[in-house]
Each structure stands twice: as C-alpha cells, then as structure tokens.
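Student: just need the structure, nothing else, for what follows:
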Amino acid sequence: MNPDVKVLVLEKSSKLLSKVRISGGGRCNCTHACFDTGELSRHYPRGEKFVRKAFHQFNPTDTIKWFAERGVSLKTESDGRMFPVTDRSETIMECLLKEVSRYRVEIRMNADVVGVEAEDKAEAEAEAEVEVEAEVEAEYKDKIEDKREGKGMFRVKLAGGELLRADYLLVATGGYPRENMFDWLTACGHNIEKPVPSLFTFNMPGHPLTSLMGVSVPQVTIRINETKQEQTGPVLITHWGLSGPAVLKLSAYAARELAARQYKFSVRMNWLPGENEQSIAAKCRQFRQELAARKMGTRSPLGLPSRLWIYLLREAGIHEEKRWADLPVKEQNRLISLLAGSVFDIRGKTTFKEEFVTAGGIRLNEIDVHTMQSKKVPGLYFAGEVTDVDGITGGFNFQYAWTSSYIAASSIAAS
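Tutor: Numbering: from 1, shown residues only. Down below sits the predicted model:
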C-alpha cells in the first residue's frame with residue numbers, strides 16, 4: 001500500500017458490500033479450492049485466457065493467505081467451495097471494513113457516478129499552474145496546495161451535478177444488466193460486449209415434471225438441443241422447472257446462445273450418465289430375468305429417486321403394479337428412450353437466488369491484464385464483473401474480483 005495515495009470510494013447505494021452479505025446463502029463463498037491455474041481458468045465461460053494470466057499474480061492460494069493474515073480462516077467444503085470458518089458473511093465484511101479504516105479510505109454513500117471525462121495530464125497540470133499563479137497572496141497558500149492536489153486527470157460527475165477530480169480511476173461497479181448503463185464508459189472510448197444474464201434456472205411452466213418439486217438427482221447429463229452445449233452433474237426439480245449445479249453451469253456456458261433464442265429452447269436429459277439406449281436395454285433384459293416377480297413401481301433398480309422413477313414409468317405407459325416379467329417390449333422401449341433422453345421444452349428463465357451474474361462488459365482486448373489498466377485511457381482501471389469475465393457458481397466470480405482488484409490497486413500504488 002502506498003501511503004501517499006488518497007483513496008475515495010464512491011458507492012451508489014446506501015449499503016456497503018451487499019453482495020458479499022448475501023453470497024453463499026449469507027456465508028460468503030469467498031473462493032474455490034482449485035490451485036492449478038489452467039484448471040481454475042476453465043471455470044470461466046468468458047475470459048478464460050485473460051484470467052489465466054491474471055491468476056499468476058493473485059490466485060486462491062493468495063486469497064486464503066490474505067484473509068489468514070488478517071485473522072480470517074477459510075474452510076473447504078466437499079464440492080470445493082470455500083467459506084469463512086464462522087459461516088458468516090459478516091466475518092468477511094468486517095475484515096474488509098477494518099482494512100478500509102486502517103488505510104483511512106474515505107467512503108461516500110449514495111454517490112451515483114453519471115459521467116467521466118479524461119483529460120490530457122499535461123493539460124491538467126498546466127491548468128492547475130495557471131490557477132496557482134493567480135493566487136499570489138501568502139494567505140492563500142493552503143488553497144493553492146489544495147488546487148495543485150485537486151487537479152487530477154479525471155473529472156467525475158455525480159448525480160446532482162457535483163464534480164470530483166482524480167489522478168486515477170478504478171471502475172468496480174459489478175455487471176450491468178442493460179447496455180445503456182455502460183454509456184458513461186463508452187463515452188471514454190471503450191467498447192463493450194453486450195450484457196446478457198448468466199447463472200439462471202430453466203422454466204417449464206405447467207409441465208407435469210414440476211409436480212416432482214424437491215426431487216434431486218445426483219448425476220444427470222443435460223444437453224441443449226441443436227447445440228454442443230452439455231453438462232453433467234446434480235439436477236434439482238423445482239416448482240418452476242429445472243435447477244441445480246448442472247443447469248446453472250449449462251446456463252453460464254450457453255448464456256449468449258440462449259439469449260439469442262429468447263430463452264425458448266429444448267433440452268435432452270439422460271438420467272443415467274454414461275449409459276445409452278443399448279446398455280440400458282441390456283440392463284432391462286437382465287431385470288426381466290432377475291426381478292421377474294417384482295412390481296416395477298416398488299423401487300428403481302437403476303438407483304433413481306422413487307418419485308422420478310414412477311413419473312418415468314407413467315410417461316412410458318407402464319402401470320407401477322406391473323411385474324418386470326410382464327413388461328411388453330413396446331413399453332420397455334419407451335421407458336428406455338425416456339431414461340436415455342427425455343426431452344423438455346424450456347420457456348423462460350429464473351435468477352438463481354442471489355447468484356445473478358452478467359456475461360458481457362468492457363472488452364478484454366482493451367485492458368492490460370498485467371495492470372488492469374485501460375489501453376485506451378491512461379489512469380483508468382477496471383476490476384470485477386464490469387469487464388467481460390464471468391465464472392460459474394462456486395466462488396469463482398469472487399476470486400476474479402479479488403484478483404483483478406489486487407492487480408489494479410498494486411499498479412496504481414506503484415505509479
């Protein structure tokens with residue numbers, strides 16, 4: 001930290017760190033226990049090559065160390081997500097605010113930035129000298145020094161008309177859901193990738209499957225028809241449609257394709273990943289012999305949840321009281337087809353709890369990954385989701401926020 005740098009944080013809302021507070025169900029999913037840079041970067045549907053370079057400067061190991069040095073220990077859960085051992089997001093918030101106090105960082109709440117103008121550094125300095133020379137009386141010495149210090153390269157306009165000056169400007173606004181919200185940045189000469197939602201669940205209004213709400217299937221392969229987009233993992237059936245890690249991950253990687261389709265598409269679900277119609281047919285022939293007298297609805301010999309198994313039997317036209325030995329080939333084939341590839345029409349999306357993430361933002365080829373500084377406007381820096389980087393759920397978006405902020409702050413402090 002450079003003690004000569006005066007830092008002013010402009011917060012648009014009346015609350016600080018609101019996203020930290022609600023992250024991970026109020027526990028704050030700080031990062032992910034993934035320590036190989038190449039593997040870590042593959043969890044970012046957009047910006048993979050960019051973040052791979054950035055993580056060489058600050059990665060999950062550094063995040064864990066940074067918090068530990070400030071008295072906050074993180075723990076790893078079975079799925080790799082990392083939380084404070086207190087399981088309280090307030091622990092992270094208190095740590096960050098303590099750092100703010102330690103370095104005398106000034107924070108202004110309800111400060112809505114509506115415009116930024118960058119000027120040539122030489123012109124700004126010349127303008128300052130002209131004003132200084134005009135103040136010739138000794139009694140105005142303090143005011144003269146204030147004017148020298150206040151002549152930064154950036155004019156930052158707030159809602160209400162107030163104008164601030166700064167030598168450096170770090171934009172860490174998070175993602176913007178609408179393209180016009182970037183206008184104050186495109187006015188500086190930057191281009192953006194159009195924002196679209198990421199990390200959302202799939203809606204199936206009125207579909208019979210939603211009657212199984214609450215059923216969780218540990219492993220399902222789900223593919224978006226007419227694309228190569230496919231994910232395997234846990235799926236949760238909800239009262240509005242499909243959710244769970246596999247669905248959220250799929251929504252992230254296919255974010256732009258699904259936006260182009262206006263969230264009207266179909267998915268094919270293999271309830272038995274690794275199996276196909278031929279291998280499932282072989283299992284069914286085996287069941288007809290080994291479970292001949294058992295009623296098919298008793299329980300699934302394939303390990304599927306009971307309610308889902310009954311649903312699939314009914315969709316195949318099979319009464320649950322029917323014995324395996326009495327299963328007609330036609331009905332068996334329908335069941336096999338459903339197990340290997342049930343097709344569902346999706347009509348709309350729903351934001352997954354607090355995990356709203358935007359794909360899109362400042363184009364990465366306009367940012368120096370080694371400093372997070374704009375290649376177009378010297379002194380202008382970016383961090384976090386305002387850039388065209390987004391990760392899947394699991395702590396990856398926070399890790400990029402820590403990484404990009406660290407790189408930008410280090411660069412500014414060294415300037």
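Student: from residue 194, how far out is residue 333?
Tutor: 45 Å (C-beta to C-beta, to the nearest Å). Every residue, glycine included, has its C-beta placed from N, CA and C.
Student: in which helix or strand does residue 413 reside?
Tutor: Taking DSSP states H and E as the definition, residue 413 sits inside helix 396-414.
Student: so which elements touch that helix?
Tutor: Contacts defined by 3 or more C-beta pairs under 8 Å, 6 or more residues apart in numbering; DSSP states H and E place helix 396-414 against strand 31-32, helix 48-54, helix 60-68, strand 169-171, strand 380-382.
Student: just tell me which of the ones you listed ends up closest to residue 211.
Tutor: Closest approach to residue 211 among those (C-beta to C-beta): strand 31-32, 34.7 Å.
Student: next secondary structure after that closest one?
Tutor: Defined by DSSP H and E, the subsequent element after strand 31-32 is helix 37-41.
Student: what residues sit buried inside that next one?
Tutor: 37, 40-41 (16 or more other C-beta atoms under 10 Å).
Student: of these, closest to residue 380?
Tutor: Of the buried residues of helix 37-41, the one sitting nearest to residue 380 (C-beta to C-beta) turns out to be residue 41, at 24.9 Å.
Student: in the helix holding residue 413, what counts as buried?
Tutor: Buried positions in helix 396-414, judged by neighbour count with 16+ other C-beta under 10 Å: 396-412.
Student: and what of stretch 90-100?
Tutor: Those buried within stretch 90-100 under the rule 16+ other C-beta under 10 Å are 90-94.
Student: can you list the residues you listed in CSV and add distance to residue 189?
Tutor: Output for these, formatted as CSV (distance: C-beta to C-beta, whole Å):
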residue, distance to residue 189
90, 40
91, 40
92, 35
93, 35
94, 39
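Student: all helices of the chain, in order?
Tutor: Assignment of helices within the chain using DSSP state H yields the ranges 18-26, 37-41, 48-54, 60-68, 89-102, 121-134, 141-150, 183-186, 245-253, 255-260, 277-290, 306-315, 329-341, 396-414.
Student: so which of these is the most surrounded?
Tutor: helix 245-253 (a mean of 24; mean count of other C-beta atoms under 10 Å).
Student: now it - C-alpha only, PDB.
Tutor: The C-alpha trace of helix 245-253 is given here as PDB (Å, rounded to 0.1, in the frame of the first residue of the first chain):
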ATOM      1  CA  PRO A 245     -25.400 -27.200 -10.500                       C
ATOM      2  CA  ALA A 246     -25.600 -28.900 -13.900                       C
ATOM      3  CA  VAL A 247     -28.300 -26.500 -15.100                       C
ATOM      4  CA  LEU A 248     -26.600 -23.400 -13.700                       C
ATOM      5  CA  LYS A 249     -23.300 -24.400 -15.300                       C
ATOM      6  CA  LEU A 250     -25.100 -25.000 -18.600                       C
ATOM      7  CA  SER A 251     -26.800 -21.600 -18.400                       C
ATOM      8  CA  ALA A 252     -23.500 -19.900 -18.000                       C
ATOM      9  CA  TYR A 253     -21.700 -21.600 -20.900                       C
END
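Student: show me what it is packed up against.
Tutor: strand 200-203, strand 216-224, strand 230-237.
Student: contacts made by the second one with the rest, please.
Tutor: By that I understand strand 216-224. Outside strand 216-224, the residues that touch it by C-beta atoms under 8 Å, 6 or more residues apart in numbering are 229-237, 242, 244, 246-247, 250, 254, 257-258, 265-271, 273, 304-305, 308.
Student: poorly predicted segments of this protein, please.
Tutor: For the chain, applying pLDDT under 70 flags the ranges 1, 120-152, 352-356.
Student: so what's residue 258 up against?
Tutor: Contacts of residue 258 (C-beta under 8 Å, 6+ apart): 224, 251, 265, 349.
Student: what about residue 159, how many residues nearby?
Tutor: For residue 159, the count of nearby residues is 12 (other C-beta atoms under 10 Å).
Student: grab the nearest non-local neighbour of it.
Tutor: In space, and not counting its chain neighbours, residue 159 is closest to residue 112: 4.0 Å by C-beta to C-beta, 6 or more residues apart in numbering.
Student: pretty sure that neighbour is touching residue 12, no?
Tutor: Yes. With contact defined as C-beta atoms under 8 Å, residue 112 reaches residue 12; the gap is 4.8 Å.
Student: between the helices and strands packed on helix 245-253, which one is closest to residue 295.
Tutor: With C-beta to C-beta as the criterion, residue 295 lies closest to strand 216-224 of the helices and strands packed on helix 245-253, at 22.4 Å.
Student: can you list the strands that that closest one pairs with?
Tutor: Within its sheet, strand 216-224 is paired with strand 230-237 (antiparallel), strand 264-270 (antiparallel), according to DSSP bridges.
Student: pull out the buried positions in it.
Tutor: Neighbour counts over strand 216-224 (16+ other C-beta under 10 Å) mark 217, 220-224 as buried.
Student: tilt between it and helix 306-315?
Tutor: Here strand 216-224 runs at 50 degrees with respect to helix 306-315, directions being taken by axes from the mean of the first three to the mean of the last three C-alpha atoms, to 10 degrees.
Student: now do strand 216-224 against helix 329-341, angle only.
Tutor: Using the same axes, to 10 degrees: strand 216-224 against helix 329-341 is 80 degrees.
Student: could you find the closest non-adjacent residue to residue 401?
Tutor: Residue 401 sits nearest to residue 384 (C-beta to C-beta, 6+ apart), 4.3 Å away.
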